[in-house]
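Trainee: below: sequence and its predicted model.
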Amino acid sequence: MARFSSQHILSTSSNLLGFCLVVLTSLKITKINEATYLDEITEIVCVLLAAASLLSFLSIRSEKEIIAIKYEKLADNIFIIALSAIFIITFMIAFSIIF
C-alpha cells in the first residue's frame, strides 16, 4: 500500500533527475564544466535524486509499515537536500554566479 508522500517523491524526483541530466549535458556541451564546479554539484544532485527515487519506491513496495515509514522519511530528507541544491544551481546559472 502506498504511503503518505512516497508516490509524490517518486514521480517528482524522477522528473527532476531528467532535468538535472539535461542541465549536465548542457554544461558539458558548452564546455562550462571545465571552468566551474556546476557539473560536479549537478552530478551529486543526480545521485541524490536517484537515491530518493529508489527509497520512495522501496517504501511503496514494502509490506512492513515501520520499514516503509523509515524509507519514506529518508527519501523525503534526501529529496529536500537535492531540491535545495537544484535551487542553488538554478540561482547560480540564472544570475551568472559561477565559481
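Mentor: Structure received.
Trainee: those helices in the chain, which residues are they?
Mentor: Taking DSSP state H, the helices of the chain run over residues 6-29, 38-61, 65-94.
Trainee: mean pLDDT and mean neighbour count added to these, as CSV?
Mentor: For glycine as for every other residue, the C-beta is placed from the backbone atoms N, C-alpha and C. Output for the helices of the chain, formatted as CSV (pLDDT from 0 to 100; neighbours: other CB atoms under 10 Å):
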stretch, mean pLDDT, mean neighbour count
helix 6-29, 88, 17
helix 38-61, 92, 20
helix 65-94, 92, 16
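Trainee: look up how far residue 81 lies from the residue nearest to residue 38 when sequence neighbours are not counted.
Mentor: Nearest residue to residue 38, sequence neighbours excluded (CB to CB, 6 or more residues apart in numbering): residue 27, at 5.7 Å. Applying CB to CB, to the nearest Å, the value for residue 27 to residue 81 is 21 Å.
Trainee: residue closest to the middle of this structure?
Mentor: Of all residues in the chain, the one closest to the mean position by CA atoms, centre = their mean is residue 49, 2.6 Å from it.
Trainee: quick one: residues contacting residue 14.
Mentor: Listed by CB atoms under 8 Å, 6 or more residues apart in numbering, the contact partners of residue 14 are 49, 53.
Trainee: any idea how far it lies from residue 66?
Mentor: In terms of CB to CB, residue 14 sits 25 Å off from residue 66.
Trainee: ditto for residue 74
Mentor: For residue 74, the distance to residue 66 - CB to CB - is 13 Å.
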